[in-house]
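Asks: I need the structure of the sequence given here:
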Amino acid sequence: MSKPIRFTRHARQKLDDLAILGFVVSESQIVDALEAPDEIDRTIFPSIAQKAISERHVLRVVFAEEETEIRVITFYPGRRTRYES
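Replies: This next block holds a predicted model:
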């Protein structure tokens, strides 16, 4: 994806909220999940990009691809056992 990536206010707040809970996710991990995902679910809107971030977890990024940018709506870590087939 070569479009600029913009984080919503909610997504930026979630970075801080997860860090407080002890699950640190960086903006670069989110960008990596969008640029080189393990899979993307485009059957729903907004779409979800997914990338493994550890042996136990994946990062799921909810995003909307628009004409001029990619907007990160939110993201969340998930257990690989739940989201990988």
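Asks: tell me which helix or strand residue 58 sits in.
Replies: Assessed by DSSP states H and E, residue 58 sits inside strand 57-65.
Asks: residue 27 contacts residue 15, correct?
Replies: Yes: with contact defined as CB atoms under 8 Å, residue 27 reaches residue 15; the gap is 7.0 Å. Using the backbone N, CA and C atoms, a C-beta is placed for each residue, glycine as well.
Asks: next up, the contacts around the residue nearest the centre of the chain.
Replies: Residue closest to the mean C-alpha point of the chain, counted by CA atoms, centre = their mean, is residue 61 at 2.1 Å. Residue 61 makes contacts with 30, 33, 34, 37, 48, 49, 50, 51, 72, 74, 75, as judged by CB atoms under 8 Å, 6 or more residues apart in numbering.
Asks: would CSV of the residues you listed with distance to residue 57 be doable?
Replies: Formatted as CSV, the contacts of residue 61 follow (distance: CB to CB, whole Å):
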residue, distance to residue 57
30, 14
33, 12
34, 17
37, 15
48, 15
49, 15
50, 11
51, 10
72, 18
74, 16
75, 12
